[in-house]
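Student: this is the structure alone, sequence omitted:
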Ligand SMILES: O=C1NC[C@H](CO)[C@@H](O)[C@@H]1O
């Protein structure tokens, strides 16, 4: 194992735990607002050589920190599955069997983030197939075969299958054991219990948990709301010093109903709200030509942002935009391609977030999707294979679809400008 590198020069002493006060985050007695990134593969990159690349990790954490990015959203549990486009290896090879090398990767990542005074948002499951996720739990609990959406194209059937997770006691038992295995862990490098580590800002129940499909999800609402309330309460009992959020996309992840989103987040066990913004996935903007309907897509996007910030204010909890992204020009995956449309999109999103922060509204931060760093695909189809470098795009998507690479200077400049403006806000 690599020796743990010395703290970078100028590393500040570690800050305390992030807490909630009304519609704001607090940190060390002052309001905390942040500019962050999605770094789903952070623990994988931090694993020992053979899976990870710790020299790349340290260099890219430095690059992110230098850009003012001090909050990273990271996958902290994955399940071995037969899904065609799932990340391999998985944190959990089988119910109750955990990959110590990936957990040591999470140890290493948290230590390196702590040195740089960064905060981690760790999600413990996934509604989607690219890390196994809820569908794999259903398969383990029922013995039924998986329905792979990348093979069938039946995304509605997949979403309904995943949503069975919420009401299957055996699936929940396996999941809670996984939660305990992470939250109850003591960092093998620092000796600090995860639940006592202020680097961990919050635990997320899952990535983008939905009640089910647009047509079938309403029947699962009671089970979904109950799952959120009970799981969030369970996590709070394991980690009383840290925050809990759901990982929801907002209305678009709540069968299009903002009221259902708010209802699911009323639980006092849910400390803050999350929402995501995916104009090209939601057909507001064209994947293959983001410039074509950019202005109308931007209008829909800004409206979506305002509605969710307003709703969080009414609920009296902070909210973060914990995913947003857009395609490269012409829908290209090539890291050398242009990002004119994406840069316009990022600027407009950040401008609206900053305006709402300056107004004292409930918005407390954002994490762009997603840091790709120096990860590059060498495959003609741009699809990830086990052993390939990691990028910001998980294995179910082309490597380069939404990644912000280390060479994307214009986009990273926009991110850095936003981070600087956020850090200049009164605290
Ligand atoms: O959580 C997610 N939201 C959208 C991303 C881009 O499509 C996707 O890769 C991921 O599953």
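Tutor: Sure, I can see it. Please read these numbers as outputs of a predicted model, since none were measured by experiment. Residues are numbered from 1 along each chain as shown.

Student: what parts of the stretch 301-427 of the chain come near the ligand?
Tutor: Counting by Cβ under 6 Å from any ligand atom, the positions of the stretch 301-427 of the chain adjacent to the ligand are 323, 369, 394, 397, 402. Yep, even glycine has a C-beta here, placed from its N, CA and C like the rest.

Student: the last one: what's its closest spatial neighbour, skipping adjacent residues?
Tutor: Spatial nearest neighbour of residue 402, excluding adjacent residues (Cβ to Cβ, 6 or more residues apart in numbering): residue 325 at 3.9 Å.

Student: next one: the second one
Tutor: Distances taken as Cβ to Cβ, 6+ apart place residue 325 nearest to residue 369, at 4.0 Å, with adjacent residues excluded.

Student: burial check on the one you found, number of neighbours?
Tutor: As a burial measure, residue 325 scores 24 neighbours (other Cβ atoms under 10 Å).

Student: go on, the one 5 residues further on?
Tutor: The local packing count at residue 330 equals 14, with neighbours defined by other Cβ under 10 Å.

Student: and the residue lying closest to residue 316 once chain neighbours are set aside, how close does it get to residue 230?
Tutor: Leaving aside its chain neighbours, residue 316 sits nearest to residue 23 (6.1 Å; criterion: Cβ to Cβ, 6+ apart). Remark: distance between residue 23 and residue 230 (Cβ to Cβ, to the nearest Å) = 25 Å.

Student: of those two, who's got more company?
Tutor: Each of residue 23 and residue 230 has its neighbours counted (other Cβ under 10 Å); residue 23 has more, 21 against 15.

Student: can you tell me which residues contact that one?
Tutor: 312-313, 316-319, 361-362, 364 (Cβ atoms under 8 Å, 6 or more residues apart in numbering).

Student: the closest residue to residue 152 other than its chain neighbours sits in which helix or strand?
Tutor: Leaving aside its sequence neighbours, residue 152 sits nearest to residue 158 (Cβ to Cβ, 6+ apart; 7.6 Å). Assigned by DSSP states H and E, residue 158 belongs to helix 155-163.

Student: that older thread, how close does the residue nearest to residue 402 get to residue 246?
Tutor: 20 Å.

Student: where does residue 72 land in three-state SS?
Tutor: Classification of residue 72 using DSSP: H, G, I helix; E, B strand; the rest coil returns strand.

Student: burial check on it, number of neighbours?
Tutor: Residues near residue 72, counting by other Cβ under 10 Å: 25.

Student: the residue in the stretch 51-200 of the chain that the ligand sits nearest to: what's it in contact with?
Tutor: Closest residue of the stretch 51-200 of the chain to the ligand, Cβ to the nearest ligand atom: residue 128 (4.7 Å). By Cβ under 8 Å, 6+ apart, the residues touching residue 128 are 162, 207-208, 396.

Student: longest helix in this structure, by residue count?
Tutor: In the chain, assigned by DSSP state H, the helix with the most residues is helix 294-315.

Student: chain center to the next helix or strand after it: distance?
Tutor: Using DSSP H and E, the helix or strand that follows helix 294-315 towards the C-terminus is strand 319-324. Distance of strand 319-324 from the chain centroid (Cα atoms, centre = their mean, to the nearest Å) equals 9 Å.

Student: same check on stretch 189-206?
Tutor: Mean C-alpha position of stretch 189-206 versus that of the full chain (Cα atoms, centre = their mean) differs by 15 Å.

Student: what about that stretch, average pLDDT?
Tutor: Here stretch 189-206 scores 98 as its mean pLDDT.

Student: near the ligand at all, that stretch?
Tutor: No: judged by Cβ under 6 Å from any ligand atom, stretch 189-206 stays clear of the ligand, getting no closer than 9.8 Å.

Student: quick one: buried residues of that stretch?
Tutor: By neighbour count with 16 or more other Cβ atoms under 10 Å, stretch 189-206 contains the buried residues 192, 194-195, 197-206.

Student: then stretch 41-55?
Tutor: Result for stretch 41-55 [16+ other Cβ under 10 Å]: buried residues 41-47, 51-54.

Student: again with stretch 298-310
Tutor: For stretch 298-310, by 16+ other Cβ under 10 Å, it's 298, 300-301, 304-305, 308-309.

Student: check the offset of stretch 215-230 from the chain's centre.
Tutor: Put simply, stretch 215-230 sits 21 Å off its chain's centre (Cα atoms, centre = their mean).

Student: so what touches it?
Tutor: So stretch 215-230 is contacted by 156, 159-160, 163, 165-167, 172, 205, 209-212, 246, 255, 260, 263-265, 267, 269-270 (Cβ under 8 Å, 6+ apart).

Student: Provide the secondary structure category for residue 214.
Tutor: Residue 214 is classified as coil under three-state DSSP.

Student: surely it touches residue 163?
Tutor: No: using Cβ atoms under 8 Å, residue 214 is not in contact with residue 163; the gap is 11.8 Å.

Student: quickly find the element holding residue 37.
Tutor: Residue 37 belongs to strand 34-38 when assigned by DSSP H and E.

Student: and for residue 170?
Tutor: Residue-wise, residue 170 maps onto helix 169-183 under DSSP H and E.
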